[in-house]
Every structure is written in structure tokens, then in C-alpha cells.
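Output the structure for:
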Amino acid sequence: MKDKFQNFMYGRYGTDSLNKFLIYASFAFIVLNLFIRNNGVSFLVYAILIYAIFRMFSRNVAARSSENSRFLGWRNKAADFFRNKTSEFRQLRSYHIYRCPNCGQKIRIPRGKGKIMVTCPKCRTEFAKKS
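Predicted structure coming up:
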């Protein structure tokens, strides 16, 4: 049986990160549908699962790989955004984060130093801030 399935899958795309995301999203919508009971959500679940199965059995490897690389680019941008926001949030206990009035560069100033003159490392503009 295993050999028959391997022969069937030969030349087909298989699964990747986008397929895993689609399957997890469909399960999330299934759980959501338990509480909402909406036919639109049910249709969305079926559509996502059918698309995931289509991608898995597709023989157009180049197109599926391109879709996956676009998805990974989007996912990495989103992950970087949340990683940066988390890092900024952790730093707020020890630092003030200001923007340069001239160029907009973020500048990190330690808390508890009183009123200080800040020099932007990018454009060398000086401005006064309370730390």
C-alpha cells in the first residue's frame, strides 16, 4: 500500500508551509463554526480544504513553489513585525524610545537621567528630551 501511494505521489507537489497553514486555518474555522453555525463559514472550510488538496496533488511544481515562496515572504514580514513590537514593548521598562524630529530615526534613551540633549546618530540633529 505504501509503495502504491509513493508511486501515485511521484511527480506531484506534496505538502509545504502554505498547505500546513491552510489546513490549520480550516481547523480554526471549523472550531469557529461550532459556535457561529454559519453556512458561509462551512463553505469557507470546504474551499480551503479543497484548495489544500489541489495544491498537494498538483503536478505543476513551479507554480506551487512560487505560491509557497510568496506565502513565506508574507509570513516572515508579519513575524518580523510582531517580533519588533515585542522587543520594543520589553524595552519600554528601561528605555524611552523617541523619534528624531528631522529624519524620523528611532532613538533609545535610558530612563531616569532627567532632561538631556539627544544627538541623532543618523543626521546629527540635537534636541532636548526628558528621559
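
need the helices for the protein, in chain order.
2-9, 17-36, 39-57, 61-91 (DSSP state H).

tell me the centre residue of this structure?
A78 (2.8 Å; Cα atoms, centre = their mean).

OK, contacts around that one?
Going by Cβ atoms under 8 Å, 6 or more residues apart in numbering, A78 touches no other residue. To be clear about C-beta, it is placed using only N, CA and C from the backbone, and glycine gets the same treatment.

ok now the helix or strand bottoming out on mean pLDDT in the chain, how far from the chain's centre?
Using mean pLDDT, DSSP states H and E, helix 2-9 stands out as the lowest-scoring helix or strand of the chain, at a mean of 85. Averaging C-alpha positions (Cα atoms, centre = their mean, to the nearest Å) puts helix 2-9 34 Å from its chain's average.

Please read off the pLDDT at the residue nearest to the centre of the chain from the model.
We have a pLDDT of 96 for A78.

before we move on, what about the one 4 residues further on?
Note on F82: pLDDT of 95.

before we move on, what about R55?
In this model, R55 carries a pLDDT of 95.

and it, what is it in contact with?
Applying Cβ under 8 Å, 6+ apart, the residues contacting R55 are Y13, D16, L18, N19, L22, R64, E67.

Adding pLDDT, neighbour count and distance to F82, write these out as JSON lines.
JSON lines is the format used below for those (pLDDT from 0 to 100; neighbours: other Cβ atoms under 10 Å; distance: Cβ to Cβ, whole Å):
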{"residue": "Y13", "pLDDT": "90", "neighbour count": "21", "distance to F82": "29"}
{"residue": "D16", "pLDDT": "94", "neighbour count": "17", "distance to F82": "22"}
{"residue": "L18", "pLDDT": "96", "neighbour count": "21", "distance to F82": "19"}
{"residue": "N19", "pLDDT": "96", "neighbour count": "21", "distance to F82": "23"}
{"residue": "L22", "pLDDT": "97", "neighbour count": "20", "distance to F82": "21"}
{"residue": "R64", "pLDDT": "95", "neighbour count": "20", "distance to F82": "27"}
{"residue": "E67", "pLDDT": "96", "neighbour count": "17", "distance to F82": "23"}
